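Asks: fold the following.
(chains A and B, ligands or ions: 2)
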Amino acid sequence: MLFVAAWSLATFGGYVSKTFLADPLTMLREGWDLLVKFGFLYDIGMTVWRVVGGFVLAAAIAVPLGLLMGAYKPIEAFLEPFVSFARYLPASAFIPLLILWAGIGELQKLLIIFIGSVFQIILMITVTVGNTRRDLVEAAYTLGASDRGIIGRVLLPSAAPDIAEILRLVLGWAWTYVIVAELIGSSSGIGHMITDSQALLNTGQIIFGIIVIGLIGLISDFLFKAFNAWLFPWKLA
Amino acid sequence: MTTLVIDQVTRTFPARQGHAPTRALEPVDLSIGNNDFVTILGPSGCGKSTLLRIVAGLDHPTSGKVLLDGHEVKGPGADRGMVFQSYTLFPWLTVRENIAFGLRERGVPEGKRNAVADRFIQQIGLKGFENHWPKQLSGGMQQRCAIARALANDPKILLLDEPFGALDNQTRVLMQEMLLGIWERDQKTVLFVTHDIEEAIFLGSRVLVMSARPGRIKADIKIDLPHPRSYKIKTSPEFVALKERLVEEIRAEALKVAAEA
Ligand SMILES: Nc1ncnc2c1ncn2[C@@H]1O[C@H](COP(=O)(O)OP(=O)(O)OP(=O)(O)O)[C@@H](O)[C@H]1O
Ligand SMILES: [Mg+2]
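Replies: Numbering: from 1, shown residues only, chains lettered A, B, ... in the order given. Ligands and ions are numbered 1, 2, ... in the order given. I've put the predicted structure just below:
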């Protein structure tokens, strides 16, 4: 609220030139135009699909791998150095390389999300699974559980709420990667729209784009939280 | 009938930097059978938990071996059920699912394992709580459930490591009666660690006293009190005499620990 007030004061009061910062009303009008005339909904759809696609791909590989690394020390010792190293590689730095390899198509966008997310998820899940209560594992062994039973029926369910939290967190980061990916070499998506608007000095559209990103992020976060609460009633009881 | 033989078992924990290795167990020799209810008494740190964990297969002897019906124990297994001092119910499973965990792990079909679980829920007086999460239970209820979980597997021997240690006195007494009731009915070989002398006599058909660290078995006392036992027995002359004798035994060991410190 305060933010909107300060923004209105700066723009309507004429303290800031319209070229650099559109006022809120212009922004809303521009936004409306974007939605009805320029097919911005399609851009939003493209961006959401890229985030979800790359993220699901990363999660599908990282969750089992993180689980195995957390469960078996030798696997962790073998893979951990590589994953730790890879984690520090900024996903955006891969963009030029990925454009060379995969062109500027959808594959490249998905890969950026994938690279940006997969190592983070692996490492965080490894730590979470490694911290599973030792006495629960031992109790399961004395009840006759096999190694597979331990993984599937102790380590996984015990870590599941934390895994869901990790995924929620990383999904938030994935949103920042996708926009960067779309700023460079893209013909659709919210990030692409923002670059286009920049060329036209249309700050109203840019701000509208940013707000849309924020809103979608907030909604997905909320959905994720509600889903987690529904999935893990034993945590809340 | 089950026989458990502990043959010259020792356990030494390797040295950590700046510390000498810890000798937790001196050679321990022991033979248990006859559906005995054996209670183990000993001062803190004498190696009671270590001995139990070795029988469970969760720890390994430095030398010697453990035989269950002639087979050497190499690791944990469903034939030795264990109840821990800490609360170890699986928080993501309901009471019924917790009790059925071992059965499910062995591939018993759902209908059958629920029937078994419900029978135990009845026995431990948790009817109406089948679908509760562990978080919603009191400590006493959780330990009852943990005992049922171990028993539902129908193990050859039940190992309990101070299962009532964290409970208040009233609850503790009720739990002792419940456990004794189950044992009197089902006849099972039980190894029960405690440092409560009354508990050891009340429950046990045999009380073992362990020495201060490094632990070894210092006394092996048969408890001939008749069954079924009720809490009233605790004031009988036989009970009091046993208690006096054990207090002396334990006191001597506790003094050794104190002198060392
Ligand atoms: N994993 C371990 N590593 C090193 N030392 C250990 C380990 N586990 C136990 N010990 C040591 O072995 C000795 C015996 O421990 P144990 O837990 O068996 O005692 P206890 O008789 O069960 O004591 P309490 O009554 O307090 O539970 C202690 O001195 C303890 O410090
Ligand atoms: Mg102990």
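
Asks: how about the residues of chain A by chain B?
Replies: By CB under 8 Å from any CB of the partner chain, the residues of chain A that approach chain B are A:133, A:135-136, A:138-146, A:149, A:153-154, A:157-158, A:160, A:232-235, A:237. For glycine as for every other residue, the C-beta is placed from the backbone atoms N, C-alpha and C.

Asks: for residue A:174, which three-state class applies?
Replies: helix (DSSP: H, G, I helix; E, B strand; the rest coil).

Asks: buried members of the residues of chain A next to chain B into ChimeraX, please.
Replies: Buried residues among the residues of chain A next to chain B (16 or more other CB atoms under 10 Å in any protein chain shown), as a ChimeraX selection:
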select /A:136,138,139,140,141,142,143,144,145,149,153,154,157,158,160,232,234,235
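
Asks: for chain B, what's its nearest residue on chain A.
Replies: Nearest residue of chain A to chain B (CB to the nearest CB) works out as residue A:144 at 2.8 Å.

Asks: residues in contact with that residue?
Replies: Residue A:144 makes contacts with B:77-78, B:102, B:105-106, B:153, as judged by CB atoms under 8 Å, 6 or more residues apart in numbering or on different chains.

Asks: which of those residues lies closest to chain A?
Replies: Lowest distance from chain A to those (CB to the nearest CB) belongs to residue B:78, with 2.8 Å.

Asks: surely that closest one meets residue B:107?
Replies: No. With contact defined as CB atoms under 8 Å, residue B:78 does not count as touching residue B:107 (11.8 Å).

Asks: got a pLDDT number for the residue of chain A found nearest ligand 1?
Replies: Nearest residue of chain A to ligand 1: residue A:134, at 10.7 Å (CB to the nearest ligand atom). pLDDT, residue A:134: 93.

Asks: could you pick out the longest helix of chain A?
Replies: When chain A is parsed with DSSP state H, its longest helix is helix A:40-71.

Asks: quick check: phi and psi at the spatially most distant residue from the centre of chain A.
Replies: Ranking residues of chain A by C-alpha distance from their mean position (CA atoms, centre = their mean) puts residue A:142 at the top, at 40.3 Å. The phi/psi pair for residue A:142 (degrees, to the nearest 10) reads phi -70, psi -10.

Asks: tell me which element the residue nearest to it when sequence neighbours are not counted falls in.
Replies: Closest residue in space to residue A:142, ignoring its immediate chain neighbours: residue B:82 at 4.0 Å, by CB to CB, 6 or more residues apart in numbering or on different chains. If you go by DSSP states H and E, residue B:82 is part of strand B:80-83.

Asks: put the alpha carbons of that strand into PDB.
Replies: What follows is strand B:80-83, C-alpha atoms only, in PDB (Å, rounded to 0.1, in the frame of the first residue of the first chain):
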ATOM      1  CA  ARG B  80      13.700 -59.700  18.000                       C
ATOM      2  CA  GLY B  81      11.300 -56.900  18.700                       C
ATOM      3  CA  MET B  82      12.600 -53.800  20.400                       C
ATOM      4  CA  VAL B  83      11.000 -51.000  22.400                       C
END
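
Asks: residue B:144 touches residue B:181, doesn't it?
Replies: No. With contacts defined as CB under 8 Å, residue B:144 does not count as touching residue B:181, sitting 11.7 Å away.

Asks: what does the stretch 151-261 of chain B put close to ligand 1?
Replies: Contact residues, the stretch 151-261 of chain B versus ligand 1 (CB under 6 Å from any ligand atom): B:195, B:213.

Asks: okay, and for the stretch 151-261 of chain B, where does confidence drop off?
Replies: Counting by pLDDT under 70, the stretch 151-261 of chain B contains low-confidence ranges at B:261.
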